[in-house]
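Undergrad: sequence-free structure coming up:
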């Protein structure tokens, strides 16, 4: 149940009208995305290991996007908590993503 709610919140957070390039500080879209991430963070204690396996790819996708600082802090904090509490799941997903990075891409571009 919680996984479904978080998945829907993550999906809403990555919707086109909440894209990072459309977020202006103190706009309606900014507050909507901020509140979505506050809800996602509030539901964290109710996650199970199975839930984490399903939502980690969505969280990692959100981390690829440039975000305004308060939202970025929530996304990063969420990812840190996931990595702390479920390292075997999160690290395997991160290593898999790193394996997809083109070897010809400069390191600065690859780390973002």
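TA: Okay, I see it. In this text the structure is predicted, and so the values were computed from the model without any measurement.
Undergrad: Need the residues that contact stretch 41-57.
TA: If you take Cβ atoms under 8 Å, 6 or more residues apart in numbering as the criterion, stretch 41-57 is touched by 2-3, 5-7, 9-10, 74, 77-78, 81-82, 85-86, 89-90, 93. Using the backbone N, CA and C atoms, a C-beta is placed for each residue, glycine as well.
Undergrad: Going by neighbour count, which residues of that stretch are buried?
TA: For stretch 41-57, burial by neighbour count (16 or more other Cβ atoms under 10 Å) applies to 44, 47, 51, 52, 55, 56.
Undergrad: from the contacts of stretch 41-57, which would you call buried?
TA: The neighbour count (16+ other Cβ under 10 Å) marks 3, 6, 9, 10, 74, 78, 82, 86, 89, 90, 93 as buried among these.
Undergrad: could you dump the residues you listed to JSON lines with secondary structure?
TA: Conversion of the buried ones among the contacts of stretch 41-57 to JSON lines gives the following (DSSP: H, G, I helix; E, B strand; the rest coil):
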{"residue": "3", "secondary structure": "helix"}
{"residue": "6", "secondary structure": "helix"}
{"residue": "9", "secondary structure": "helix"}
{"residue": "10", "secondary structure": "helix"}
{"residue": "74", "secondary structure": "helix"}
{"residue": "78", "secondary structure": "helix"}
{"residue": "82", "secondary structure": "helix"}
{"residue": "86", "secondary structure": "coil"}
{"residue": "89", "secondary structure": "helix"}
{"residue": "90", "secondary structure": "helix"}
{"residue": "93", "secondary structure": "helix"}
